[in-house]
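S.K.: Got a predicted structure plus its sequence, pasted below:
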Amino acid sequence: QGILVRTAQITRKVMEAEPELKIIARHGTGLDIIDVDAATQLGIQVTNTPESNGPSVAELTMGGMIAAARKLPLLNESAKRGDFFFKTHCPGAELTGKMLGLVGFGDIGRRVAQIAALGFQMDIAVYEGHMEGKPVPDYVRLVSWEELFRSADFVSLHIPMRPENENLVGKREFGWMKPSAIFVNTARGKVVCEQALLEALESSEIAGAFLDVLSVEPFSAGHPLLNQPNVIVTPHIGSNTGEALARSGLHAAMDIVSFFRGEPLRWPVNHVY
């Protein structure tokens with residue numbers, strides 16, 4: 001009657017195979033593994049845990065920005081081979097005083113903005129098109145799509161994977177970015193045109209990237225973005241902390257319990273009852 005799912009694909013076929021199924025609780029935030037439209041048509045409630053992984057993903061985003069700006073992987077490799085003075089050919093950049101452009105301002109984007117503004121004295125620009133009805137902190141400036149990419153020293157994505165967001169950032173956006181800018185994606189790989197990102201990195205249109213997600217996961221060792229010296233890739237670890245996993249599992253279970261008790265749901269995705 002209920003499914004609590006972390007990574008398995010819950011398709012229409014899966015749902016139809018169990019006629020008693022009433023609720024699917026996603027142990028995480030992204031809904032790309034669940035056919036929500038099919039669930040709604042079949043009268044199945046879907047929930048997720050949007051308040052569980054904010055601190056972990058926000059901290060990883062900031063850590064990735066620092067690692068990319070200071071070129072830590074290259075310097076780590078040089079240290080391991082005993083090349084102490086490689087650093088003279090590999091200067092980094094500070095975050096302090098730079099502009100961070102955010103695409104998406106949900107729980108994670110808001111946390112990133114707060115850390116960056118209050119902890120690093122960064123200027124924060126947020127794409128205005130995603131801000132309707134949302135409160136705007138006094139340290140945030142709303143800007144157009146083009147201005148965000150043209151003016152930011154760091155661009156960080158915090159939007160879900162929906163059909164309208166597929167390949168949202170591509171050749172045009174990378175062409176707008178500064179040659180010194182760093183691109184960060186801890187959202188979903190498919191919101192970026194990876195070929196355009198690869199070309200921008202190879203041609204030095206942008207300085208570097210930190211990517212916690214790629215369009216196909218798990219990815220192979222031959223993925224071209226893995227072999228770029230100015231790219232850091234991690235295997236989708238944004239919520240992979242003990243604290244976030246515990247919160248996420250608890251929140252998913254809480255809504256299952258609430259559902260079968262007939263109580264209001266905390267994090268409903270659709271509304272079928």
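M.R.: Perfect, I can see it now.
S.K.: How far off centre is stretch 186-206?
M.R.: 14 Å (CA atoms, centre = their mean, to the nearest Å).
S.K.: So which residues of the stretch 51-200 of the chain form strands?
M.R.: Using DSSP state E, counting those that start in this stretch, the strands of the stretch 51-200 of the chain run over 99-103, 123-127, 140-143, 154-157, 182-185.
S.K.: And the closest residue to residue 98 other than its chain neighbours, its phi and psi?
M.R.: What sits nearest to residue 98 in space, not counting adjacent residues and going by CB to CB, 6 or more residues apart in numbering, is residue 153, at 3.9 Å. Where you see a C-beta, it was placed from the backbone N, CA and C, and this is true even at glycine. Per-residue torsions, residue 153: phi -90, psi -30 (degrees, to the nearest 10).
S.K.: circling back: of the strands of the stretch 51-200 of the chain, which is nearest residue 67?
M.R.: Nearest to residue 67, of all those, is strand 182-185, at 9.9 Å by CB to CB.
S.K.: And the contacts of that closest one?
M.R.: Contacts to strand 182-185, defined as CB atoms under 8 Å, 6 or more residues apart in numbering, come from residues 61, 64-65, 68-69, 153-157, 174, 177, 191-192, 197, 200, 206-213.
S.K.: Just give the number of residues close to residue 180.
M.R.: 13 (other CB atoms under 10 Å).
S.K.: before we move on, what about residue 100?
M.R.: Neighbours around residue 100, by other CB under 10 Å: 27.
S.K.: pLDDT score assigned to the spatially most central residue of the chain?
M.R.: When CA atoms, centre = their mean is applied to the chain, the residue found nearest the centroid is residue 187 (1.9 Å). Per-residue pLDDT puts residue 187 at 96.
S.K.: Could I get the contacting residues of it?
M.R.: 104, 157, 158, 159, 160, 161, 213.
S.K.: could you flag which of those are buried?
M.R.: Using 16 or more other CB atoms under 10 Å as the burial test, the contacts of residue 187 include 104, 157, 158, 159, 161, 213 as buried.
S.K.: nearest to residue 33, of those residues?
M.R.: residue 161 (10.0 Å).
S.K.: wait, isn't that closest one in contact with residue 213?
M.R.: No. Contact criterion CB atoms under 8 Å: residue 161 and residue 213 do not qualify, at 9.2 Å.
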